[in-house]
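**Q** one predicted model, sequence on top.
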Amino acid sequence: MATLGESESIWSHNGSTVDLYADGSRRILRYRSPRPELRRACAEVGDTVFEGEKSGAKYVGEAAIFSCRCGRLTFPVSGRTTRNGTRIIVRGKAPKRDASCKTVGYQTSTLVFDYERHR
């Protein structure tokens, strides 16, 4: 993946802090400080939690789930900004995996990112 330089802003996400990177319509959200549960699932600082495109208020792309045993897995998501652009909400069907890392179903996953501050 190409380097995007410094993040534009800092957002909170379910107890973690993420950096938003923007290049034209391209958007990437990477962990700045993953919450403890995510660290135990092998998510690290700099890991991408969302990558996609922004068009107006709409976001479309891929989100990631993390597992030490099974690795990082992405799934399609879409959504939009709310609260005058200070909240991003995307939804998709995240795969559920068994102990051997086989996908055994899907569950709706909603990711919410709230603006904290500009860099």
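**A** Yep, it's here.
**Q** okay but P95 is in contact with K102, surely?
**A** No - the criterion here is CB atoms under 8 Å, and P95 misses it with K102 at 9.5 Å. The way it works is simple: take the backbone N, C-alpha and C, and place the C-beta from them, glycine included.
**Q** who's more crowded, the two?
**A** Ranked by neighbour count (other CB atoms under 10 Å), P95 and K102 place P95 first, with 18 against 10.
**Q** could you list the buried residues of the helix or strand hosting I28?
**A** Element membership for I28 (DSSP states H and E) is strand 26-33. By 16 or more other CB atoms under 10 Å, the buried positions in strand 26-33 come out as 27-32.
**Q** could you point out the longest strand of this protein?
**A** When the chain is parsed with DSSP state E, its longest strand is strand 103-118.
**Q** can you pull out the helices in this protein?
**A** All helices of the chain, identified by DSSP state H, fall at 36-40.
**Q** before we move on, back to that, next, the angle strand 103-118 makes with the strand holding I28.
**A** Interaxial angle of strand 26-33 relative to strand 103-118 (axes from the mean of the first three to the mean of the last three CA atoms, to 10 degrees): 90 degrees.
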